[in-house]
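Trainee: just to be clear, the model below is a prediction. Sequence and coordinates:
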Amino acid sequence: MSADDAAAFINNGDNVGVSGFTGAGYPKAVPAALARRIRAAQARGDEFRIGLFTGASTAPELDGVLADTGALRLRTPYQSDPHLRAAINNGITSYVDPHLSHSAPQVRDGFFGNLGVAVVEVTAVTDDGRLVPSSSVGNNNVYLDCADKVILEVNAWQSEDLEGMHDIYYGPSGKPILLVGTGDRIGRPYLRVDPDKVVGVIETDDNDRNTQFKPADEQSRAIANFFLDFLTNEIKHGRLPSGLPPLQSGVGNIANAVLAELRESPLTNMTAFTEVIQDGMVDLIDAGKVRQASATAFSLSPKYANRMNEEAAKYRNRIVLRPQEISNSPELIRRLGVVSCNGLIEADIYGNVNSTHVMGSKMQNGIGGSADYTRNAYISCFVTPSVAKGGAISCIVPMVSHHDHTEHDVMVLITEQGVADLRALAPRERARSIIAHCAHPDYADALTDYLDRAERTSALHTPHDLREALSWHVRYLETGSMKV
């Protein structure tokens, strides 16, 4: 049927679960048709509000077009669309930001109420009714199982050679997940669906729309090289094996720069247990550096997405795409001994990290899976430039304006200034190390001055002057700069 006919199955008050994870594998036709249906209802004066569940961020053709209608009552989990971000920060859309590993069980167990409709993109439907997943898995298995009605978008743009790349695990809840190696396959290559729930099938031929990565600049390369130096030193001291434990890499330009530096390094025989396959990971596989990569989705630039479509058969045995309940499983991350590397908005002098809120209250994107990995990694690392907004903002502050990752979970902090290894350090030792190795020179003296004065006026375990702890943020809001 047409997308407009399919959208007629979605009604005011419904919760709708859709495919999509970082601009890959999201439905291409139904969201726009649903937006037209919503606007028509609004023109008649009828109320039309829905809850929208995804795997993570999607694309303007899904999150953006629906946010623009003002009809999103609820959105969960991770997002990155500027239009949706505005709706969240303006109070139009309620945003629930769980850890990605928690989102599937919370939907499955009814925390969000009934799931009315699932809209899922697939590559193909087999003769016996199995679904070949497309370029992301995310929470698709849960939405297909839990929804009252299912709409399928069969996208001819997605390569038929993706068949066999996926590992969809339908294990019993509460039982051990029998995965002991990054490349293990413990499920099946297909998604299941009850045919009686399928109310519509739409054929599309539209490409995924991920953002082009920026070329690595001097700052990104400096951060990447410090991270590589840290890993090399860990190997030298026998704390890591020469091939490294499985690596996790957050999304973005710095993460791709890290992967690029790994390609040029002498390290080899590596594996990845992560959320997304980025351009740099494909290059590492091509270079023979990474022998196996496990994720839940692709996050590829247009050039690399087309290349993956053309050569999916080549990568089918090197890449495994899983449900995010498995890719982000805390138990698996801990047991596999993953080394994690994620970005942040700001960190404070004790190693607490804010990765979601600008100036304490404005949502940026969300926590995503960063805490799944940070809390459970063998070694958890965060990378960031030391300053933002042309130097007006220090990314190292006396106290973070919002907490996502506490000092108990953050082990290594890296900026273009250097590496602060925080393991086995007490709070005041952590503070001195972060200021010395990670803070920008324009702010280091002011941070030291704050710490010195806090030590004279408060308890000495974690010294703070609460009258000044957030004064840097206040100064920025009032003057446009954190500089004194």
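Mentor: Yep, that arrived. Keep in mind that what you see is a predicted model, and the values were worked out from it rather than measured.
Trainee: from now on I want contacts and neighbour counts done on CA atoms only, so please keep to that.
Mentor: Noted.
Trainee: and residue 65, what does it touch?
Mentor: Contacts for residue 65 were tallied using CA atoms under 8 Å, 6 or more residues apart in numbering; they are 31-32, 35.
Trainee: what separation do you get for residue 63 and residue 344?
Mentor: 23 Å (CA to CA, to the nearest Å).
Trainee: comparing these two, which shows the higher neighbour count?
Mentor: A count of neighbours by other CA atoms under 10 Å puts residue 63 above the other of residue 63 and residue 344, at 24 against 19.
Trainee: off-centre distance for the top strand by length along the chain?
Mentor: Counting residues, the longest strand in the chain under DSSP state E turns out to be strand 117-125. Here the centre of strand 117-125 is set off from its chain's centre by 22 Å, with CA atoms, centre = their mean, to the nearest Å.
Trainee: counting by contacts, list what it packs against.
Mentor: Where contact means 3 or more CA pairs under 8 Å, 6 or more residues apart in numbering; DSSP states H and E, strand 117-125 is packed against strand 15-18, strand 131-133, helix 140-146, strand 149-155.
Trainee: and these as CSV, adding mean pLDDT, distance to residue 200 and mean neighbour count?
Mentor: Below are the helices and strands packed on strand 117-125 laid out as CSV (pLDDT from 0 to 100; distance: least, CA to CA, whole Å; neighbours: other CA atoms under 10 Å):
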stretch, mean pLDDT, distance to residue 200, mean neighbour count
strand 15-18, 98, 14, 26
strand 131-133, 98, 14, 25
helix 140-146, 98, 13, 24
strand 149-155, 98, 5, 25
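Trainee: circling back to that earlier point, what's the closest of the contacts of residue 65 to residue 238?
Mentor: Ranked by distance to residue 238 (CA to CA), these are led by residue 31 at 51.7 Å.
Trainee: measure that closest one to residue 137 for me?
Mentor: 18 Å.
Trainee: next: residue 240.
Mentor: 31 Å.
Trainee: how about residue 439?
Mentor: Taking CA to CA, one finds residue 439 at 39 Å from residue 137.
Trainee: next, residue 111: secondary structure please.
Mentor: coil (DSSP: H, G, I helix; E, B strand; the rest coil).
Trainee: contact partners for residue 87?
Mentor: Counted by CA under 8 Å, 6+ apart, residue 87 has contacts 67, 70, 93.
Trainee: from what I see, the last one and residue 74 are in contact.
Mentor: Yes. With contact defined as CA atoms under 8 Å, residue 93 counts as touching residue 74 (5.5 Å).
Trainee: more neighbours: which of these two?
Mentor: The neighbour comparison of residue 93 against residue 74 (other CA under 10 Å) goes to residue 93, with 22 against 19.
Trainee: dump the residue contacts of that one.
Mentor: By CA under 8 Å, 6+ apart, the neighbours of residue 93 are 70-75, 84, 87.
Trainee: among the residues you listed, which are in helices?
Mentor: 84, 87 (DSSP state H).
Trainee: just the ones of the contacts of residue 93 in strands?
Mentor: 72-75.
Trainee: returning to what we had before: with distance to residue 274 as extra columns, can I get the helices and strands packed on strand 117-125 in TSV?
Mentor: Output for the helices and strands packed on strand 117-125, formatted as TSV (distance: least, CA to CA, whole Å):
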stretch	distance to residue 274
strand 15-18	21
strand 131-133	18
helix 140-146	18
strand 149-155	25
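Trainee: to residue 377, which of those lies closest?
Mentor: Nearest of those (CA to CA): helix 140-146, 25.6 Å.
Trainee: which helices and strands does that closest one pack with?
Mentor: Short answer (3+ CA pairs under 8 Å, 6+ apart): helix 140-146 packs on strand 15-18, helix 100-108, strand 117-125.
Trainee: buried residues in the second one?
Mentor: Right, the one you point to is helix 100-108. 100-104, 107-108 (16 or more other CA atoms under 10 Å).
Trainee: out of the residues you listed, which comes closest to residue 305?
Mentor: For the buried residues of helix 100-108, the nearest to residue 305 is residue 100 (23.7 Å; CA to CA).
Trainee: correct me, but residue 26 touches residue 55?
Mentor: No. Assessed by CA under 8 Å, residue 26 is found out of contact with residue 55, at 9.2 Å.
Trainee: just the CA trace of the longest strand of the chain, in PDB.
Mentor: The C-alpha trace of strand 117-125 is given here as PDB (Å, rounded to 0.1, in the frame of the first residue of the first chain):
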ATOM      1  CA  VAL A 117       2.200   0.500  16.100                       C
ATOM      2  CA  ALA A 118       5.700  -0.500  15.000                       C
ATOM      3  CA  VAL A 119       7.100   1.000  11.700                       C
ATOM      4  CA  VAL A 120      10.300  -0.900  10.800                       C
ATOM      5  CA  GLU A 121      12.500  -0.800   7.700                       C
ATOM      6  CA  VAL A 122      13.800  -4.100   6.400                       C
ATOM      7  CA  THR A 123      15.900  -5.100   3.400                       C
ATOM      8  CA  ALA A 124      13.600  -7.900   2.300                       C
ATOM      9  CA  VAL A 125      10.800 -10.300   3.400                       C
END
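Trainee: what's in contact with that strand?
Mentor: Outside strand 117-125, the residues touching it (CA under 8 Å, 6+ apart) are 9-10, 14-19, 25-28, 30, 131-134, 140, 143-144, 147-156, 158-160, 162.
Trainee: state the pLDDT value of residue 192.
Mentor: Note for residue 192: predicted pLDDT of 97.
Trainee: before we move on, the earlier item: report the inter-axis angle for the longest strand of the chain versus strand 149-155.
Mentor: Angle, strand 117-125 to strand 149-155, by axes from the mean of the first three to the mean of the last three CA atoms, to 10 degrees: 40 degrees.
Trainee: each with direction, which strands does strand 117-125 pair with?
Mentor: Strand 117-125 pairs in its sheet with strand 15-18 (parallel), strand 131-133 (antiparallel), strand 149-155 (parallel), by DSSP bridges.
Trainee: point out where the protein drops to low pLDDT.
Mentor: Within the chain, the set of residues satisfying pLDDT under 70 is empty.
Trainee: show me where the stretch 301-450 of the chain has its helices.
Mentor: 302-315, 324-327, 330-336, 370-376, 427-437, 441-457 (DSSP state H, counting those that start in this stretch).
Trainee: would TSV of the ones you listed with mean neighbour count be doable?
Mentor: Converted to TSV, those look like this (neighbours: other CA atoms under 10 Å):
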stretch	mean neighbour count
helix 302-315	17
helix 324-327	25
helix 330-336	19
helix 370-376	25
helix 427-437	20
helix 441-457	16
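Trainee: quick one: closest of those to residue 350.
Mentor: helix 427-437 (5.0 Å).
Trainee: which other helices and strands contact the closest one?
Mentor: Using 3+ CA pairs under 8 Å, 6+ apart: helix 427-437 touches strand 418-421, helix 441-457.
Trainee: next SSE downstream of the longest one?
Mentor: Following the chain from helix 441-457 toward its C-terminal end, the next helix or strand by DSSP states H and E is helix 471-479.
Trainee: what's that following helix in contact with?
Mentor: 359, 392-393, 397-398, 401, 481-483.
Trainee: one more: stretch 263-276?
Mentor: 182, 242-251, 283-284, 287-299, 324, 327-328, 333, 338, 369.
Trainee: many thanks, we can stop here.
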